[in-house]
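K.L.:
Sequence and predicted structure, then a few things I'm wondering about:
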Amino acid sequence: SQTIHQWPATLVQPVGSPLSLECTVEGTSNPNLYWYRQAAGRGLQLLFYSVGIGQISSEVPQNLSASRPQDRQFILSSKKLLLSDSGFYLCAWRFEGLTDTQYFGPGTRLTVL
Amino acid sequence: AQSVTQLGSHVSVSEGALVLLRCNYSSSVPPYLFWYVQYPNQGLQLLLKYTTGATLVKGINGFEAEFKKSETSFHLTKPSAHMSDAAEYFCAVSDLSNDYKLSFGAGTTVTVRA
């Protein structure tokens, strides 16, 4: 069976500090990977997705970036956090070549002060 | 481009009563439709999905939804609410025109009264 992990679970960072959130998937190969952000009182916003190592598509221009250094690893980064980056960050995966269900990780709660 | 509208940001039901969450979508091509549930500070869990075939879809925890193409709707129901159903529910759509990326509704928070 497949499992998705995210860490850290909770993070409090000052404005202007860097960010690195990690997502890993076990039990499958070459998954499609996704980063979403859920801000307070708002729905889910797709930030980035990847169909393979080194392949990143950005959905929303912002001060965040994503990388996929390994097949089952997806990293969300920022060089300098803004207050507006606070939110709940969710990673999701989908089987390669299939067009239906995305499976979500447990999420990371980021608070920027 | 596809979009999703969930009618009602908050729904309150009595324990044992019917749960009905409304979802309407727009899509220029045949859609895939999903309902996810989110408990506080947790990720999203798939309740059920419609891709093709039977339009009445049964999911986990006693939930079901019916795809009605003529009404562009995918409403979620459960005959008898349980306290454990208190959560936030998201309807989502994907289709070929957007490479099957998910577009979510704003969510509906369900509270269950004892």
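P.N.:
Alright, I've got the coordinates. Note that the structure is predicted; figures quoted are calculated from it, not measured.
K.L.:
what's the spacing between A:Pro14 and chain B?
P.N.:
Look at A:Pro14 and chain B: by C-beta to the nearest C-beta, to the nearest Å, they are 22 Å apart. Every residue, glycine included, has its C-beta placed from N, CA and C.
K.L.:
I meant to write A:Gln2 there.
P.N.:
Distance, A:Gln2 to chain B, by C-beta to the nearest C-beta: 13 Å.
K.L.:
now swap in A:Gln6 and tell me
P.N.:
From A:Gln6 over to chain B (counting by C-beta to the nearest C-beta), the distance is 8 Å.
K.L.:
contacting residues around that residue?
P.N.:
A:21-23, A:89-91, A:105-108, B:43 (C-beta atoms under 8 Å, 6 or more residues apart in numbering or on different chains).
K.L.:
Contact partners for A:Thr28?
P.N.:
A:2, A:72, A:93, A:95-96.
K.L.:
Quickly list what the spatially most central residue of chain A is bridged to.
P.N.:
The centre of chain A sits closest to A:Trp35, judged by C-alpha atoms, centre = their mean, with a distance of 3.2 Å. Here A:Trp35 shows beta-bridge partners A:Phe48, A:Cys91, assigned using DSSP bridges.
K.L.:
Per-residue confidence at it, what does it come out as?
P.N.:
Listed pLDDT for A:Trp35 reads 96.
K.L.:
same check, this time on A:Pro61
P.N.:
The model reports A:Pro61 with a pLDDT of 66.
K.L.:
Ok, the one 3 residues further on next?
P.N.:
Predicted confidence (pLDDT) at A:Leu64: the value is 95.
K.L.:
how deep is it tucked in, by neighbour count?
P.N.:
A:Leu64 is flanked by 21 other residues according to other C-beta atoms under 10 Å in any protein chain shown.
K.L.:
Give me the neighbour count for the closest residue to it other than its chain neighbours.
P.N.:
Distance criterion C-beta to C-beta, 6 or more residues apart in numbering or on different chains; nearest residue to A:Leu64, sequence neighbours excluded, is A:Ser78 at 5.1 Å. A:Ser78 is flanked by 19 other residues according to other C-beta under 10 Å.
K.L.:
go on, A:Pro14?
P.N.:
Neighbours around A:Pro14, by other C-beta under 10 Å: 8.
K.L.:
Kindly provide the distance from the residue nearest to it when sequence neighbours are not counted to chain B.
P.N.:
Leaving aside its chain neighbours, A:Pro14 sits nearest to A:Leu113 (5.8 Å; criterion: C-beta to C-beta, 6+ apart). Noted for A:Leu113: a distance of 19 Å to chain B, by C-beta to the nearest C-beta.
K.L.:
Just list the residues touching A:Leu113, thanks.
P.N.:
A:12-15, A:83.
K.L.:
Contact residues of chain A facing chain B?
P.N.:
Applying C-beta under 8 Å from any C-beta of the partner chain, we find that chain A lies next to chain B at A:6, A:34, A:42-44, A:46, A:49, A:59, A:88, A:90, A:92, A:99-107, A:109.
K.L.:
Return the subset of those residues lying in strands.
P.N.:
Taking DSSP state E as the definition of strands, these contribute A:6, A:34, A:44, A:46, A:49, A:88, A:90, A:92, A:103-104, A:109.
K.L.:
got any ranges where chain A has weak pLDDT?
P.N.:
In the predicted model, chain A carries pLDDT under 70 at residues A:61.
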